[in-house]
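Novice: Show me the folded form of this:
(chains A and B)
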There are 2 protein chains.
Amino acid sequence: MTVDDLERAQTVYEPLTQSVRRLIDTTIRTEVDTDTLTRAQGLIDEAARLLSGEVMPGSFGVRHTTDGRSFAWGNLAVGLRNPIAPPLLIHQDPTGSTRCDVDLGAAYEGPPGCVHGGMCALILDHMLGATAHRPGEPAFTGTITFRYLQPTRLGRLHATAWVDHHDRGKTYAIGHLADANGVTVEAEGVFIRPRPTTTHG
Amino acid sequence: MTVDDLERAQTVYEPLTQSVRRLIDTTIRTEVDTDTLTRAQGLIDEAARLLSGEVMPGSFGVRHTTDGRSFAWGNLAVGLRNPIAPPLLIHQDPTGSTRCDVDLGAAYEGPPGCVHGGMCALILDHMLGATAHRPGEPAFTGTITFRYLQPTRLGRLHATAWVDHHDRGKTYAIGHLADANGVTVEAEGVFIRPRPTTTHG
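Specialist: Predicted structure coming up:
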């Protein structure tokens, strides 16, 4: 697949995924009568039947364009084709720090009116991983600790992460999540870079 | 709402939510042509339009039946009406330990063929919280640490959590997630029980 093919595919899949994201929100919040629910379910089942006419085996994975650009469209946090993904749109600055703004609605609820603590962890896990990762040198999560300072309200959130230091093959990354009231969750992670495989001896 | 009303509502909303869960999986994995994608999207948009004829403001929250039973149908981990929730079906034994089996497909992917590390955290966050919680005495997450031992493969998973000990208003809980290859992620959490409000002095 060339980069042009990728961009063409994006214009088809992105609106479809956005439609399913809207449907997820409405499925949770609808208060229409049972007959209307039944009609809607019929349409959803028919859509799924059409889409399942031809499906890839397994999951999307990570794919590459002919010029080496990678895309993980099925990814739970950032996947362009994954309706569960908000998706996170992560900006990385030249120093490798990452930041993103994201709006989370009813589908990400834990305590009433608040983001599920596990969703806060998911966002920060991905952000810390992204800052620890270097092209061609993947970093695997060793441990992450989350400190919950206050509830995170549903709505507009801001997340940021950066590398604190490297030490003997390990990368120590830090980040936090904030809502309109300030920082709500802090994260510290240790990422491990596998040593190059020894092929002799 | 009585318990009978709740059970009637469940028979309507559960199949609708399951239909949307199937649609999410198919949206990621479909390989049908563009015309078919467009037709499917039209059906999805029409379903969302029907369901949005009447919607609750905000999010679902936690509600109660007339006899005091609570239900959090919008919850990201366990919500019966939340298509993002797998959902986790958590069993609690008389000692308060929790366990659940869950099948995770393409929609929960992080590394190729594996569960997103943030989803592992989300599951364990919820399981540890459920074991630390006591009826009428909510426990809030203070900190949680996750240790990633090996990748978690997509497919059937088993999670379990239990309270290790209590100390001065804090509950220390432990848990782990396992796939067919054994334990993949370990978690340790500290939960805080707010002190009863002092109304005098």
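
Novice: Let me know the pLDDT of A:Gln92.
Specialist: A:Gln92 carries a pLDDT value of 93.

Novice: Nearest spatial neighbour of it, chain-adjacent residues omitted?
Specialist: In this structure, A:Gln92 finds its nearest non-sequential neighbour in A:Thr98, 5.2 Å apart by Cβ to Cβ, 6 or more residues apart in numbering or on different chains. Any C-beta I mention is one placed from the backbone N, CA and C, and that applies to glycine too.

Novice: What number of residues are in the vicinity of the one you found?
Specialist: 24 (other Cβ atoms under 10 Å in any protein chain shown).

Novice: Check A:Leu16 too.
Specialist: As a burial measure, the neighbour count of A:Leu16 was computed by other Cβ under 10 Å and equals 21.

Novice: buried sites along the helix or strand where it lies?
Specialist: Using DSSP states H and E, the secondary-structure element containing A:Leu16 is helix A:3-29. In terms of neighbour count (16 or more other Cβ atoms under 10 Å in any protein chain shown), helix A:3-29 has its buried residues at A:6, A:9, A:13, A:16-29.

Novice: tell me, which of the residues you listed make contact with chain B?
Specialist: The subset of those within reach of chain B, by Cβ under 8 Å from any Cβ of the partner chain, is A:13, A:16-17, A:19-20, A:22-24, A:26-29.

Novice: Report the contact partners of A:His126.
Specialist: Taking Cβ atoms under 8 Å, 6 or more residues apart in numbering or on different chains, we find A:His126 in contact with A:77-78, A:88, A:90, B:116, B:118.

Novice: Let me see the contact set for the closest residue to A:Arg21 other than its chain neighbours.
Specialist: Closest residue in space to A:Arg21, ignoring its immediate chain neighbours: A:Pro83 at 5.1 Å, by Cβ to Cβ, 6+ apart. Contacts for A:Pro83 (Cβ under 8 Å, 6+ apart) come out as A:17, A:20-21, A:23-24, B:24, B:27-28, B:107.

Novice: Against A:Thr38, how distant is the closest residue to A:Thr34 other than its chain neighbours?
Specialist: Across the structure, with Cβ to Cβ, 6+ apart as the measure, the residue nearest A:Thr34 apart from its sequence neighbours is B:Val12 (5.5 Å). Distance check for B:Val12 against A:Thr38: by Cβ to Cβ, to the nearest Å, it reads 8 Å.

Novice: what does A:His64 give?
Specialist: Taking Cβ to Cβ as the measure, A:His64 and A:Thr38 are separated by 44 Å.

Novice: what do you get for A:Ser52?
Specialist: From A:Ser52 to A:Thr38 the distance is 21 Å (Cβ to Cβ).

Novice: Compare those two (neighbour count), which wins?
Specialist: When A:Ser52 is set against A:Thr38 and neighbours are counted by other Cβ under 10 Å, the residue ahead is A:Ser52, at 17 against 13.

Novice: Give me the neighbour count for A:His91.
Specialist: For A:His91, the number of neighbouring residues by other Cβ under 10 Å comes to 10.

Novice: Run through the residues that contact it.
Specialist: With contacts defined as Cβ under 8 Å, 6+ apart, A:His91 is in contact with A:98-100.

Novice: Let me have those residues in a markdown table, adding pLDDT and secondary structure as columns.
Specialist: Formatted as a markdown table, these follow (pLDDT from 0 to 100; DSSP: H, G, I helix; E, B strand; the rest coil):
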| residue | pLDDT | secondary structure |
| --- | --- | --- |
| A:Thr98 | 96 | strand |
| A:Arg99 | 97 | strand |
| A:Cys100 | 97 | strand |
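
Novice: Just the C-alphas of the host helix or strand of A:Ala48, formatted as PDB.
Specialist: With elements taken from DSSP H and E, the one containing A:Ala48 is helix A:34-51. The C-alpha coordinates for helix A:34-51 follow below in PDB (Å, rounded to 0.1, in the frame of the first residue of the first chain):
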ATOM      1  CA  THR A  34     -39.200  -0.300  22.600                       C
ATOM      2  CA  ASP A  35     -40.500  -0.400  19.000                       C
ATOM      3  CA  THR A  36     -38.000   2.200  18.000                       C
ATOM      4  CA  LEU A  37     -35.200   0.400  19.800                       C
ATOM      5  CA  THR A  38     -36.200  -2.800  17.800                       C
ATOM      6  CA  ARG A  39     -36.200  -1.000  14.500                       C
ATOM      7  CA  ALA A  40     -32.700   0.600  15.300                       C
ATOM      8  CA  GLN A  41     -31.400  -2.900  16.200                       C
ATOM      9  CA  GLY A  42     -32.600  -4.300  12.900                       C
ATOM     10  CA  LEU A  43     -30.700  -1.600  11.000                       C
ATOM     11  CA  ILE A  44     -27.500  -2.200  13.100                       C
ATOM     12  CA  ASP A  45     -27.700  -6.000  12.400                       C
ATOM     13  CA  GLU A  46     -28.200  -5.300   8.700                       C
ATOM     14  CA  ALA A  47     -25.100  -3.000   8.700                       C
ATOM     15  CA  ALA A  48     -23.000  -5.600  10.500                       C
ATOM     16  CA  ARG A  49     -24.200  -8.300   8.000                       C
ATOM     17  CA  LEU A  50     -23.100  -6.100   5.100                       C
ATOM     18  CA  LEU A  51     -19.700  -5.400   6.600                       C
END
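
Novice: So in chain A, which strand runs the longest?
Specialist: Residue-count comparison of every strand in chain A, with assignments taken from DSSP state E, identifies strand A:155-167 as the longest.

Novice: still on that earlier bit, what secondary structure does the residue nearest to A:Arg21 sit in?
Specialist: Under the three-state scheme (DSSP: H, G, I helix; E, B strand; the rest coil), the conformation of A:Pro83 reads as coil.
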